[in-house]
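> need a structure here:
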Amino acid sequence: MKQHIEIRGGHWIGVRGMLALWLRALEDRIFGEIDAFAWVQGWEIDRRRVLRRVYRDPGFEALQECGLCRGEGTTAAEKRCPLCDGTGRIDRGRSRGLKGRPGAVSLGRPE
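Numbers count the residues shown, from 1 in each chain. Alright, predicted model coming up:
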């Protein structure tokens, strides 16, 4: 004799809901400390997939390739680039490294 187990639609909803709650609790336990750190740093946290996080610092939008060294960090004379200080990128959000140069933005701090 065959045994047939029938689960009605309402039970599946309950099972799916419990599974979703369990997975959310597991995610919070796994990523809780990292999420808190990212939140304090002001990073964006992408939680689109289950058990996966993507962290992004919005400050990277302000970075731009250095026009003087073309992102290499060194000039044609193999010296450290004076504009980007050898990093190959310029932070458009800050005037760091431009002190005393024409067009430099003053932050109102004493030099």
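> For the residue nearest the centre of the chain, name its beta-bridge partners.
In the chain, the centroid-proximal residue (Cα atoms, centre = their mean) is Arg56; its distance is 1.0 Å. Here Arg56 sits in beta bridges with Glu44, as judged by DSSP bridges.
> Gly42 is in contact with that one, correct?
No - with contact defined as Cβ atoms under 8 Å, Arg56 and Gly42 do not form a contacting pair (10.5 Å). For the C-beta atoms, the positions are set from N, CA and C on the backbone; glycine is no exception.
> show me where this protein has helices.
For the chain, the helices defined by DSSP state H cover 9-41.
> can you list the weak-confidence ranges in it?
1-13, 94-111 (pLDDT under 70).
> how does it divide into domains?
Per the record, the chain has its domains at 10-56, 58-99, by automatic domain parsing.
> most packed of these?
domain 58-99 (a mean of 13; mean count of other Cβ atoms under 10 Å).
> roughly how far apart are Ala76 and Arg70?
The gap separating Ala76 from Arg70 is 10 Å, by Cβ to Cβ, to the nearest Å.
> rewinding a little: for the residue nearest to the centre of the chain, list the residues it contacts.
Contacts here follow Cβ atoms under 8 Å, 6 or more residues apart in numbering; on that basis Arg56 touches 43-44, 46.
> swap the cut-off to 10 Å and go again
By Cβ atoms under 10 Å, 6 or more residues apart in numbering, the contact list for Arg56 reads 38, 43-46.
> Could you measure from it over to Gly93?
Counting by Cβ to Cβ, the gap from Arg56 to Gly93 is 16 Å.
> Am I right that Gly59 is in contact with Arg89?
No - if you go by Cβ atoms under 10 Å, Gly59 and Arg89 don't touch, sitting 11.7 Å apart.
> Pull the distance from stretch 76-88 to the chain's centre.
Distance of stretch 76-88 from the chain centroid (Cα atoms, centre = their mean, to the nearest Å) equals 27 Å.
> What of stretch 64-78?
Here the centre of stretch 64-78 is set off from its chain's centre by 26 Å, with Cα atoms, centre = their mean.
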